[in-house]
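Visitor: Attaching a predicted model along with its sequence, questions to come.
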Amino acid sequence: MSTTTLEKTEAGPTPAAQPSRRARRRGERGPLGAALLHGGLALASLIALAPVAWLVFLSLGPDKDDYLHPGKILGKITFSNYSFVLEHTGFFDWFKSTMIVALGTTFIGVFVAATTGYAVSRMRFPGYKSLMWVLLLTQAFPIAILIVPMYEIFSELGLIDTYWSLIVINCTTAVPYSAWLLKGYFDTIPFEIDEAGRVDGLTPFGTFFRLILPLARPGLAVAGFYNFITAVSEVAFATTFMLDDSKYTFAVGLQTFVSEHDAQWNYMAATAVLIAIPVSVFFYLVQKNLVTGLTAGGTKG
């Protein structure tokens, strides 16, 4: 009788399965990269906000020389600078003039830039490429050499010391850039929309106003914000062309706090903070469309 010997091999303990690392997706940042990114953004935010915080802090000091000793402001913080600016200066006249000029520049400038950008984007006429380069060339001339000839032109037209003079001049500065921006945005809108509008019986103007402009709202918001900021911050032409104190804009009104031998920095700081309020409100109204408009406007050119 034969016996069969069964050899049993004792298997050792099965090692525990090692947890597999999750594969990092393409473009996904690691913990170190995310920390560096957020740290850089936080640092950039602090750098951007530091001048604004410093301006607000100086506006709370009651004396004009407090900027030389900022540590002493904490013990005597007051809002008297704001009350003085609002009650004893032409602040509200400056506000009215600035809004008239800024809103006039915004509406007229955006309209001209939109029609120009749309025409160059959709129509092929002799010189359409040269037109955009001519608009760009106008930005190459410094303001200093334009003031004298423009002053003579507006003087002949009787527009000195009028809001129209500043509106027209600000448009000449803002329209070229806005036209380039909107032309790039109109290029991203399919041509089929124009063709569909014409099939439905719309005229070219009807297609532009009823179909294209609603789709171009982000680009229009960016152009409008640029025109508004250009008009609010313009100094050279406003100082030269506005002679009546009641027609000063904010930029010119700030200069009234500076004399040949003295500067009232506390009042200037308070006025600058108050000026930032309408600009911030306008930014809040258009900020939803700013990012979309800026990115889409640069996709084609």
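Guide: Looks like it arrived, so ask away.
Visitor: ok, now which ones touch V273?
Guide: Residues near V273 by C-beta atoms under 8 Å, 6 or more residues apart in numbering: 55-56, 59, 82. C-beta: built from backbone N, CA, C; applies to glycine.
Visitor: which of those tops the neighbour count?
Guide: Across those, neighbour numbers were computed from other C-beta atoms under 10 Å; S59 holds the maximum, 24 neighbours.
Visitor: And that residue, how far from V85?
Guide: Shown here: S59 relative to V85, a distance of 9 Å by C-beta to C-beta, to the nearest Å.
Visitor: Which residues are in contact with each of these two?
Guide: Both S59 and V85 are in contact with A270, where contact means C-beta under 8 Å, 6+ apart.
Visitor: any idea how far the helix or strand containing W164 is from the chain center?
Guide: Assigned by DSSP states H and E, W164 belongs to helix 163-187. For helix 163-187, the distance between its averaged C-alpha position and the chain's averaged C-alpha position is 14 Å (C-alpha atoms, centre = their mean, to the nearest Å).
Visitor: mind listing what's buried in that helix?
Guide: Of the residues in helix 163-187, those scored as buried under the neighbour-count criterion (16 or more other C-beta atoms under 10 Å) are 163, 165-171, 173-187.
Visitor: pretty sure T230 contacts T106?
Guide: No: in terms of C-beta atoms under 8 Å, T230 does not count as a neighbour of T106; the distance is 9.1 Å.
Visitor: Do a quick rundown of the helices in this structure.
Guide: All helices of the chain, identified by DSSP state H, fall at 31-59, 80-88, 91-122, 128-137, 144-157, 163-187, 191-199, 204-207, 213-215, 217-233, 236-241, 250-254, 265-296.
Visitor: re the thing from before, compare T230 and T106 and say which one has the larger neighbour count.
Guide: Just comparing T230 and T106: by other C-beta under 10 Å the higher neighbour count belongs to T106, 26 against 20.
Visitor: Can you check the pLDDT for the more buried one?
Guide: With respect to pLDDT, T106 has a value of 94.
Visitor: do the same with T162
Guide: Predicted confidence (pLDDT) for T162: 91.
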